[in-house]
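Chemist: Below: sequence and its predicted model.
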Amino acid sequence: QVSGGEDEIQRLQKALLDYLDENTETDASLVFSRKFYIAQWFRDTTMETEKAIKSQKDEDSSEGTHHAKDVETTGQIMHRAESRKKFLRSIITTAASQFSTLKINSDTVDYEDACLIVRYLASMRPFAQSFDIYLTQ
């Protein structure tokens, strides 16, 4: 169960990446899948940040004045994006160093849990959230 907070999302992402890393010996395509997920999440973070900053600038120009509150929220957006990117970068750097050491993970995820995590994380993507709109159109 996940309450939807940022920390929970990162824990799910880490659990999924650990599962993929543990099973790369049985299926070589999981190496590509792991790299794809990291790149996709990094790209999503960048795109979300750009959209949030653009919408803030549009609101500022329509109001005509610049509030300190808006600057603070822009700073918060940038801080959150940098923490996400730092998390993904740390996974990339630790993954390279873990190939030489034995990895013991207390959060072992089986295949069914990995499928559930993938479905949940996919439901958070913009296309999945707007799927009903596409169907009605």
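Modeler: In hand now; what should we look at?
Chemist: The residue nearest to Ile77 when sequence neighbours are not counted in helix, strand or coil?
Modeler: The shortest distance from Ile77 to any non-neighbouring residue, by Cβ to Cβ, 6 or more residues apart in numbering, is to Ala52 (4.8 Å). (Each C-beta comes from the backbone N, C-alpha and C, glycine too.) Following DSSP: H, G, I helix; E, B strand; the rest coil, we place Ala52 in the helix state.
Chemist: Tell me the spatial nearest neighbour of the residue nearest the centre of the chain, not counting adjacent residues.
Modeler: Residue closest to the mean C-alpha point of the chain, counted by Cα atoms, centre = their mean, is Trp41 at 4.1 Å. Once flanking residues are discounted, Trp41 sits nearest to Leu88: 6.0 Å by Cβ to Cβ, 6+ apart.
Chemist: so that neighbour sits right up against Ile38, yeah?
Modeler: Yes: look at Leu88 against Ile38 with Cβ atoms under 8 Å: they come within range, at 5.7 Å.
Chemist: For this structure, which segments count as helices?
Modeler: All helices of the chain, identified by DSSP state H, fall at 6-22, 29-63, 68-98, 111-123, 126-129, 131-136.
Chemist: Just name the most buried of the ones you listed.
Modeler: A comparison of these by mean neighbour count, using mean count of other Cβ atoms under 10 Å, puts helix 6-22 on top with a mean of 17.
Chemist: tilt between it and helix 68-98?
Modeler: Helix 6-22 and helix 68-98 meet at an angle of 20 degrees, taking axes from the mean of the first three to the mean of the last three Cα atoms, to 10 degrees as the criterion.
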